[in-house]
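Asks: Compute the structure for the input listed below.
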Amino acid sequence: MTATVKAYKGMGMEGGIARWYDKTTRKDMPAVRELAAKIAGMVPAGGTVLEVAPGPGFLSIELAKRGLDVQAADISETFLEIARKNAADEGVSAVFMHGNAAELPVIKECVDFVVCRAAFKNFAEPVKAMREMLRVLKPGGTAMLIDMRRDVSIEELQKYVDGLGVSWFSRKFMMLTFRGMLIKRAYPLEEIERMAVEAGWKDARIETSPIGFAAYVTK
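Replies: Numbers count the residues shown, from 1 in each chain. All right, here's what the predicted structure looks like:
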């Protein structure tokens, strides 16, 4: 098989765009807390979780609140700065490291759970990123990959954006970004399945939602 390599195109998550993302995605905290509770139920008490591309760090922070040992790696220096501040503001301990998803800055078989949410479509080397998620898992550990999918309808995306309760400008900007960039970067389900096989995700399970998918593998 030929490894998928996709050059990054579009705005980088640094500076003002990262700070706008931090402010806007706070509206999605109920879903973040729900996901954190789900993950906490899949990890041993006090277990170690690695979040790949945490952005502002909301999920990592919610996981740390649930007594988990949380590490996270992001390529954006601005996001790391924001995530560290957000964690300090919440009074929780989580380690936010600079790192590329295709070469994670952690040793082999060191974490119980790996999660990557809403970032996979942007990775330049997606199959390598999936291999890295598998590499750092302890035997018996689980990786979870969540993102939007290529065949999402504009109607479902509009429903999601309207449900966030953000300003008129933010809704318009988000829909413009989805239409002009993110849908084009996202993968169809059959491509996700192919990359999972190529990355060694044996017996991966893929679930769908109105706007995306969640892929799981247990090592």
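Asks: Remind me what the helix or strand that contains residue 49 packs against, helices and strands.
Replies: Here residue 49 is covered by strand 48-52, with elements defined by DSSP states H and E. With contacts defined as 3 or more CB pairs under 8 Å, 6 or more residues apart in numbering; DSSP states H and E, the packing partners of strand 48-52 are helix 58-65, strand 69-74, strand 111-117, helix 126-135. C-beta coordinates here come from the backbone N, C-alpha and C atoms, glycine included.
Asks: And the contacts of the next helix or strand after the shortest one?
Replies: Think strand 69-74. Next helix or strand after strand 69-74 toward the C-terminus (DSSP H and E): helix 77-90. Applying CB atoms under 8 Å, 6 or more residues apart in numbering, the external contacts of helix 77-90 come out as 13-15, 18-19, 22, 54-58, 60-61, 64-65, 72, 74, 93-94, 96-98.
Asks: Selection in PyMOL covering whichever of those are buried, please.
Replies: Entered in PyMOL, the line below selects the buried ones among the contacts of helix 77-90, by 16 or more other CB atoms under 10 Å:
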select buried, resi 13+18+22+54+55+56+57+58+60+61+64+65+72+74+94+96
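Asks: tell me the angle the host helix or strand of residue 23 makes with helix 58-65.
Replies: Element membership for residue 23, per DSSP H and E: helix 15-25. On the basis of axes from the mean of the first three to the mean of the last three CA atoms, to 10 degrees, helix 15-25 is oriented at 60 degrees to helix 58-65.
Asks: now helix 15-25, how far from the chain's geometric center?
Replies: 16 Å (CA atoms, centre = their mean, to the nearest Å).
Asks: What are the neighbouring residues in contact with residue 98?
Replies: 73-75, 77, 80, 105.
Asks: ok, now residue 103?
Replies: 128, 132.
Asks: Can you check the distance spanned by stretch 109-125, start to finish?
Replies: 21 Å (CA to CA, to the nearest Å).
Asks: actually stretch 100-120, not the one I typed
Replies: Span of stretch 100-120 from end to end, CA to CA: 12 Å.
Asks: what's the average pLDDT for that stretch?
Replies: Mean pLDDT, stretch 100-120: 96.
Asks: Can you name the residues in contact with the strand holding residue 49?
Replies: 39, 43, 59-60, 63, 68-73, 101, 104, 106, 110-117, 119, 129, 132-133, 136.
Asks: Filter the residues you listed down to the buried ones, PyMOL style.
Replies: Of the contacts of strand 48-52, the buried ones go into a single PyMOL selection, burial set by 16+ other CB under 10 Å:
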select buried, resi 39+43+59+60+63+68+69+70+71+72+73+101+104+106+111+112+113+114+115+116+117+119+129+132+133+136
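Asks: Output the contacting helices and strands for the helix-or-strand element of the chain with minimal mean pLDDT.
Replies: Ranked by mean pLDDT, DSSP states H and E, the weakest helix or strand in the chain is helix 15-25, scoring a mean of 81. Applying 3+ CB pairs under 8 Å, 6+ apart, one finds that helix 15-25 contacts helix 77-90, helix 168-177.
Asks: and with 7 Å instead?
Replies: helix 77-90 (3 or more CB pairs under 7 Å, 6 or more residues apart in numbering; DSSP states H and E).
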